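> what would the 3D arrangement of this be:
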Amino acid sequence: METIGAITLDDSVTVCEQNIVSDMGGEKVMLSVRNGNYYNLGQIGGHIWDAISGGQPLASLVDGLCAEFEVERDVCEQQVIVFLEQLRKEGLIYVHPKSEDAVHA
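As a prediction, the model looks like this:
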């Protein structure tokens, strides 16, 4: 049985295509067609979703969030990773470990 490692800032993340995403009142909301669940990602979660949808590297995403929201980098890294782990648990994103990318290069 393959174990899933924790997400790191070196990993890349892609969004699942089976989601209907919309902006509503300044927050990002989503319906997963795959599981039928509705999610409110909120304002910052929506910002993260847009960044990973555009293929932005996680380290760059954290840099941008730190600058925009004046948060300490270690706190931001931890919160982004926790958020992404929740999205992965719900089947909303795919995580591609850096070691996996090196194998396919």
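> check which element follows the biggest helix by length in the chain along the chain.
Using DSSP state H, we find that the single longest helix of the chain is helix 73-89. Following helix 73-89 in sequence order, the next helix or strand is strand 93-96 (DSSP states H and E).
> how far does that next one sit from the chain's center?
Distance of strand 93-96 from its chain centroid, counting by CA atoms, centre = their mean, to the nearest Å, is 8 Å.
> pull up the pairing partners for that strand, direction included.
Applying DSSP bridges to the sheet, strand 93-96 is found paired with strand 12-15 (antiparallel).
> how distant is the partner strand from the center of its chain?
Per CA atoms, centre = their mean, the centroid offset for strand 12-15 relative to its chain is 7 Å.
> got the buried residues for that strand?
Residues 12, 13, 15 are the ones in strand 12-15 that count as buried (16 or more other CB atoms under 10 Å). Bear in mind the C-beta positions are built from the backbone N, C-alpha and C, glycine included.
> so can I have JSON lines of those showing pLDDT?
Below are the buried residues of strand 12-15 laid out as JSON lines (pLDDT from 0 to 100):
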{"residue": "12", "pLDDT": "88"}
{"residue": "13", "pLDDT": "90"}
{"residue": "15", "pLDDT": "92"}
